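*Asks:* sequence and computational prediction follow.
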Amino acid sequence: MRKRLLFMLGAVLALGCVSDLRAQTMAPQTYSYSEDPALSIIAPTLVTLRRDGPKEAVDQVIPPSPGRDKEFRSHILYDFAAHKIYTQVQSDEGMPCSVMDYTSPGAPPEFDVISGAADLMKEFTDDGKVTLTPVGAETVNGVPAKIFEAVSPQGKGRLWLSAQGNYPLKVVFIGPDGKEQTVIEVKALSFARPPASAFTPPANCQAIQGEATENSVHVGPPESAKSAYHVTAVNLQPVAKYSGACPAHVKMTGTITTDGPGTVWYRFGAGQLGPEQTLKFAAAGTQTVSHVFTFVIEPQFGNDMGGSAILQSVMEDKQGGHSETDGASSNADFAVHCVR
């Protein structure tokens, strides 16, 4: 999940390192807010989050968009004390609710900007590769905030941090043409205790064997059932810059190396996730894989987009399941320019 966050953010902007921004106060234990839009690997998303001590509920809505004609809605309930995660896809009545073990102490930071504020700032600051400059202060939907301007080779942007607690409240990307796109905005933030009904587990959830953490999901038998062989190297080739008619179709190619025979699962990511695919190895070796991404840039967002792509891969276990990833490539930059 953390590598996914990296390439999602890479498709938007990288923020520079300012040491005093990393100081965090103790995170509160009761709060609620909506995040609209929320940074998502698929499309702009509305997130509603509620937290009461060891329980946290996250609701997501992804509206229809080009290439996806149906709204996606999901409900996730974390019970950190019981070490469980309940997942329900509400937009698909045929998909049952599931429950599985969850071993992390908190929700993924890309969901929860308050409990995950310190981790998000580490991701945002990116080891000081860009300039981050304080430029003022204002309120964001009623919450006092400090404003910082970010400049990097990938573009420009602004970041609003809460005056108390340093929670990211808003992130804006500024395109080469000067147009602004809000990619994160926290609204209706409240530190009052949410109603207990928000944390009632969904009914008739199917128990799934496996384990989830804030960074990964393993569905299937425990470690003892894993394959004796592994993915040992994943490489993504440089991606050619695209300039032409849009939608843009960009081919990405990489290689996967294993230390023995088996079935490998893999997927590409470039601001969006490609489909999971499989590849069979008769013996240890290296094979080439590729995927074509289609990028749609709405005219109101200009003619350019770019960021970082990645290739992830994992060896199938003895029971035919797999964890999220054995290995991942280094990021490869991509750039798309639409000629209209």
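*Replies:* Perfect, thanks for sending it.
*Asks:* what segments of the stretch 101-250 of the chain are strands?
*Replies:* Using DSSP state E, counting those that start in this stretch, the strands found in the stretch 101-250 of the chain span residues 131-140, 143-152, 155-162, 168-174, 180-190, 206-212, 217-219, 231-236, 242-244, 248-258.
*Asks:* format the ones you listed as TSV; extra columns: mean neighbour count.
*Replies:* From N, CA and C alone the C-beta is placed, and that goes for glycine too. As requested, the strands of the stretch 101-250 of the chain are exported to TSV (neighbours: other C-beta atoms under 10 Å):
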stretch	mean neighbour count
strand 131-140	14
strand 143-152	19
strand 155-162	22
strand 168-174	23
strand 180-190	17
strand 206-212	16
strand 217-219	19
strand 231-236	19
strand 242-244	14
strand 248-258	19
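*Asks:* per-stretch mean pLDDT over the ones you listed, give me the minimum one.
*Replies:* When the strands of the stretch 101-250 of the chain are compared on mean pLDDT, strand 217-219 scores lowest, with a mean of 71.
*Asks:* of the strands of the stretch 101-250 of the chain, which is nearest residue 46?
*Replies:* strand 180-190 (9.6 Å; C-beta to C-beta).
*Asks:* ok, which of the strands of the stretch 101-250 of the chain comes nearest residue 79?
*Replies:* When the strands of the stretch 101-250 of the chain are compared (using C-beta to C-beta), the closest one is strand 206-212, at 12.0 Å.
*Asks:* which elements pack onto that closest one?
*Replies:* Helices and strands touching strand 206-212, by 3 or more C-beta pairs under 8 Å, 6 or more residues apart in numbering; DSSP states H and E, are strand 98-102, strand 217-219.
*Asks:* need these in a markdown table (columns: distance to residue 90).
*Replies:* Shown next, in a markdown table, are the helices and strands packed on strand 206-212 (distance: least, C-beta to C-beta, whole Å):
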| stretch | distance to residue 90 |
| --- | --- |
| strand 98-102 | 13 |
| strand 217-219 | 19 |
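*Asks:* which residues does the closest residue to residue 101 other than its chain neighbours contact?
*Replies:* Nearest residue to residue 101, sequence neighbours excluded (C-beta to C-beta, 6 or more residues apart in numbering): residue 211, at 4.8 Å. Residues near residue 211 by C-beta atoms under 8 Å, 6 or more residues apart in numbering: 100, 101, 102, 103, 217, 218.
*Asks:* any idea how far the residue nearest to the first one when sequence neighbours are not counted is from residue 99?
*Replies:* Read it as residue 100. Setting aside the residues directly before and after it, residue 100 is nearest to residue 208 in space (C-beta to C-beta, 6+ apart), at 4.3 Å. Distance of residue 208 to residue 99, given as C-beta to C-beta, to the nearest Å: 7 Å.
*Asks:* residue 90 now?
*Replies:* 16 Å.
*Asks:* the more surrounded of the two?
*Replies:* Between residue 90 and residue 99, counted using other C-beta atoms under 10 Å, residue 99 has the larger neighbour count: 19 against 16.
*Asks:* state the number of residues packed around the closest residue to that one other than its chain neighbours.
*Replies:* Excluding the flanking residues, the one nearest residue 99 by C-beta to C-beta, 6+ apart is residue 205, at 4.3 Å. For residue 205, the count of nearby residues is 17 (other C-beta under 10 Å).
*Asks:* again with residue 92
*Replies:* So residue 92, with other C-beta under 10 Å, has 12 neighbours.
*Asks:* re earlier: surely the residue nearest to residue 100 touches residue 97?
*Replies:* No - if you go by C-beta atoms under 8 Å, residue 208 and residue 97 don't touch, sitting 10.2 Å apart.
*Asks:* where does this structure have low pLDDT?
*Replies:* Applying pLDDT under 70 to the chain picks out residues 1-26, 40-43, 66-68, 123-130, 153-154, 218-226, 323-327.
*Asks:* how does it divide into domains?
*Replies:* 30-212, 224-338 (automatic domain parsing).
*Asks:* the first one spans what distance, first to last residue?
*Replies:* Looking at domain 30-212, the gap from its leading to its trailing residue is 23 Å under the measure C-alpha to C-alpha, to the nearest Å.
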